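In: quick one, what's the 3D model for this:
(one chain, ligands or ions: 1)
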Amino acid sequence: MTPDNPVPTWPFTREDALLPPPEFDELRARCPITQVEMWDGSRSWLATRADDMRAILRNPVMSADSSLAGYPNSSANHAASRGGQKGFIRMDAPEHDVQRRMLTTKFSIPKVAKLREFVERLVDELLDRMEARGGPVDLLEALAAPLPSMAICEIMGLPPQDAPFLLGRVNQWMDLNSDPERSAAAAAELSRYLDDLITERLEYRGEDLVSQLLTEQFEPGHISRLDLVGMLNLLIVGGFDTTANMIGLGTVLLLRHPDQMADLRENPELMPGAIEEMLRYLSVAHHVASRVPKEDVEIRGVCIHAGEGVMAPIPAANHDPGVFAEPSRFDIRRDARSHVAFGFGIHQCLGQNLARLELQVVFTKLLSRFPTLRLAVPENELDFRNSMIYGVSALPVAWSLERDS
Ligand code: HEM
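Out: So this is what the prediction gives:
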């Protein structure tokens, strides 16, 4: 570092609400692995190249255990909320692998494909309600938030009316700006709800995922009650905000590109590829993919000592021009499949098949049923959220009365 180039302060600020902060490009060109100053005055390493991100996330020395000293948290709240019990996303091999394997077949492509009918029906119902209310409506509240929360409720056999309670707890927990105590209280409330659920299901078993895990894993003694609560917690936290914000921000992104939106409406076979490009471009999981090495390790010639936090932000990797030409250009016809929006390595998203299904169904139906959809406020009046997962707090949209479908 020189006096002209002091240690940058983390986190960076976005200039364009839908693009990563410009510092990533500057650092990637000048100093792809650099130190940054954190909110508490400590320092962490920051990697901005896609190949370095992969090298970090595939290295078994890099721990995902946020209780280890040096683990990089993006705010006081982040630090407080990560202290709780949050499942195998914060475990390393071999414990991580044992627990993840209990779920892999349950979220496989064929298993998730069986949910298509449910997801289609749910999206139809949500869009019916939205249409009946008439615009403007908040798309987050009417569609983006209920869909993933009700899908997880269906998988876990929870009453759909519990979805708003779960959603509220997750939002409060994950908000980087909220009071750390409030955040920890929300996490504790969610854990209590899940522990009560286990008590209930131990008595009355059904066909749902929780019942299956109790019979297959808990009763034979393969998983403790505390870890089971952590696992269910993780499925709820992992599946809600991420998918909801992809729907919200994805809508803003498409509305910014009316030609591509029209192309997509006329050529629905482009939808799977367009979703991959939206995942790449938006990279909503902007504060995950942090690790702390348990031993000294070298990445791109930089020696990172044991206990020094490392962040490999997904938006930086997904906007690396070495992998994606003109990364700031949104292009539904580009091959974006090598993106890392779902992470990389052993912690790569377990729910990605479900997320893809939800996103493909929701955008196909939204575009065909609301061809005149538009923002009901200027885009610069939207409140983009500084949470663990990037998104918008509310998305007022409107449409013209005539229906083309
Ligand atoms: C892990 C993103 C949807 C469950 C991850 C990770 C990312 C991610 C980046 C890796 C975190 C890390 O390396 O530290 C996303 C995005 C989604 C999405 C962008 C939606 C568009 C879902 C859904 C579920 C889910 C719907 C649940 C059903 C999980 C779980 C993990 C995970 C359980 C931990 C995997 C492990 O540690 O082995 N997700 N996710 N995610 N996600 Fe997702």
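
In: okay, CA-based contacts and neighbour counts for the rest of this
Out: Noted.

In: how many other residues sit next to residue 203?
Out: Neighbours of residue 203 under the rule other Cα atoms under 10 Å: 9.

In: which residues touch it?
Out: Listed by Cα atoms under 8 Å, 6 or more residues apart in numbering, residue 203 has no contact partners.

In: now do the same for it: its pLDDT.
Out: Looking at residue 203, its pLDDT reads 96.

In: try residue 82
Out: So residue 82 comes in at 56 (pLDDT).

In: over to the one 3 residues further on?
Out: pLDDT for residue 85: 52.

In: same check on residue 173?
Out: At residue 173, the pLDDT value in this model is 80.

In: next: the one 5 residues further on.
Out: At residue 178 the predicted local confidence, pLDDT, stands at 71.

In: on the three-state scheme, it is what?
Out: Of the three states, residue 178 takes coil under DSSP: H, G, I helix; E, B strand; the rest coil.

In: how much space is there between residue 369 and the ligand?
Out: 22 Å (Cα to the nearest ligand atom, to the nearest Å).

In: look up phi and psi at that residue.
Out: phi -90, psi -30 (degrees, to the nearest 10).

In: and for residue 37?
Out: Note on residue 37: backbone dihedrals following degrees, to the nearest 10 are phi -90, psi 130.

In: swap in the one 10 residues further on?
Out: Comment: the main-chain dihedrals of residue 47 come out as phi -110, psi 130, following degrees, to the nearest 10.

In: one more: residue 290?
Out: phi -110, psi 150.

In: again, but for residue 387
Out: On the backbone of residue 387 - angles per degrees, to the nearest 10 - the values are phi -110, psi 180.

In: wait, it sits on residue 175?
Out: Yes: between residue 387 and residue 175 there is a contact at 4.7 Å, judged by Cα atoms under 8 Å.

In: and the closest residue in space to residue 13 that isn't next to it in sequence, how many residues sit next to it?
Out: Counting by Cα to Cα, 6 or more residues apart in numbering, residue 13 lies nearest to residue 21, which is 5.6 Å off, once chain neighbours are set aside. Residue 21 has 17 neighbours, counted by other Cα under 10 Å.

In: helix, strand, or coil at residue 21?
Out: With three-state DSSP as the basis, residue 21 sits in coil.

In: so who does it touch?
Out: 12-15.

In: wasn't residue 199 part of a helix?
Out: Yes: assigned with three-state DSSP, residue 199 falls within a helix.

In: contact partners of the strand or helix carrying residue 103?
Out: Assigned by DSSP states H and E, residue 103 falls within helix 95-104. Helix 95-104 is contacted by residues 88-89, 213, 217, 223, 346, 350 when judged by Cα under 8 Å, 6+ apart.

In: these into JSON lines, with extra columns for distance to the ligand?
Out: Output for the contacts of helix 95-104, formatted as JSON lines (distance: Cα to the nearest ligand atom, whole Å):
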{"residue": "88", "distance to the ligand": "5"}
{"residue": "89", "distance to the ligand": "3"}
{"residue": "213", "distance to the ligand": "14"}
{"residue": "217", "distance to the ligand": "17"}
{"residue": "223", "distance to the ligand": "16"}
{"residue": "346", "distance to the ligand": "6"}
{"residue": "350", "distance to the ligand": "5"}
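
In: return the members of those classed as buried.
Out: 88-89, 213, 217, 223, 346, 350 (16 or more other Cα atoms under 10 Å).

In: ok, the contacts of residue 21 vs residue 284, which is closest?
Out: The closest of those to residue 284 turns out to be residue 14 (Cα to Cα; 13.0 Å).

In: which residue is the nearest non-sequential neighbour of the closest one?
Out: Computed as Cα to Cα, 6+ apart, the closest residue to residue 14 that is not its neighbour in sequence is residue 21, at 4.1 Å.

In: which residue sits closest to residue 43 in space, ignoring its chain neighbours?
Out: Spatial nearest neighbour of residue 43, excluding adjacent residues (Cα to Cα, 6+ apart): residue 37 at 4.6 Å.

In: bridging residues for the one you found?
Out: residue 9, residue 43 (DSSP bridges).

In: near the ligand, which residues of the stretch 51-200 of the chain?
Out: By the rule Cα under 6 Å from any ligand atom, the part of the stretch 51-200 of the chain lying against the ligand is 88-89, 100.

In: hang on, residue 320 packs against residue 49?
Out: Yes: counting by Cα under 8 Å, residue 320 touches residue 49, with 6.1 Å between them.

In: out of those two, which sits in the busier spot?
Out: Neighbours around residue 320 and residue 49, counted as other Cα under 10 Å, are more numerous at residue 49. The numbers are 28 against 21.

In: from the buried ones among the contacts of helix 95-104, which ones fall inside helices?
Out: Those of those mapping onto helices are residue 213, per DSSP state H.
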